[in-house]
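Asker: sequence plus predicted model, see below.
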Amino acid sequence: VIRTTGFVYISWLLRKMEEALDLAVKATMGSMGKLISKPPMTDKLLRKPPFRFLHDIFSEVIRTTGFLEGLFTPEEMVSDNVQEKEAKVAYLQKIIDATALATGKKLAARPSKIVAGQEPEHTNELLAVMAEAAKGKVSTKDAVARVLKKAKEGSGAAKEEKKPKAEAGPAEKEKEKE
């Protein structure tokens with residue numbers, strides 16, 4: 001009985017998750033689809049959005065609406081330059097932070113999960129919030145400035161945290177002389 005009940009609960013939970021994703025995808029298709037024409041908002045791509053697809057969406061929104069303009073360097077605006085996992089995570093973190101600051105909404109999207117292709121309902125929430133804010137002409141100048149300042153401070157802190165190499169001991173110094 002317990003196994004059957006557990007299976008029934010898991011099945012119910014999976015159906016609910018699928019329903020939530022259906023609603024999120026429809027919301028994204030409705031809001032983002034009205035805002036930009038390319039890339040096309042297809043059910044398949046929105047159910048498990050690849051990074052390149054998301055990058056194309058963000059770039060098109062920035063280009064056509066000016067929403068979050070200035071957030072990325074010209075190099076970051078070219079998807080071929082954002083290939084490594086760390087670069088993708090940093091790119092997505094900037095988008096999430098700036099969108100949240102500009103809209104005042106707490107977003108559940110996490111860059112590492114997006115890159116891994118997980119939690120597409122949260123990714124779709126990010127896209128829908130971004131589309132609504134861009135349509136509403138929400139000012140993003142302050143949000144962009146804050147995110148860039150945070151990124152600059154973060155990269156500076158990371159450099160400072162690197163410890164200098166330990167000085168070589170007498171044995172190592174002798175080896176270096178040889």
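Answerer: Nice, I can see it. Nothing here was measured: the structure is a model prediction, and the numbers come from that model. Residues are numbered from 1 along each chain as shown.

Asker: make it CA atoms for all contacts and neighbour counts henceforth
Answerer: Will do.

Asker: so what touches stretch 102-114?
Answerer: The contact list for stretch 102-114 (CA atoms under 8 Å, 6 or more residues apart in numbering) reads 49, 51, 88-90, 92-93, 96, 100, 119-120, 122-123, 125-126, 129, 133, 138-140, 142-143.

Asker: likewise stretch 43-57?
Answerer: By CA under 8 Å, 6+ apart, the residues outside stretch 43-57 that reach it are 21, 25, 29, 38-39, 79, 88, 114-115, 117-118, 120-121, 123-124.

Asker: quick check: the farthest pair among those residues?
Answerer: Across these, no pair lies farther apart than Leu21 and Ser79, at 26.2 Å, counting by CA to CA.

Asker: comparing the two, which residue is more hemmed in?
Answerer: Leu21 (20 against 16; other CA atoms under 10 Å).

Asker: now do the same for the residue nearest the centre of the chain: its pLDDT.
Answerer: For the chain, the residue sitting closest to the mean C-alpha position, by CA atoms, centre = their mean, is Leu92 at 2.5 Å. Note on Leu92: pLDDT of 97.
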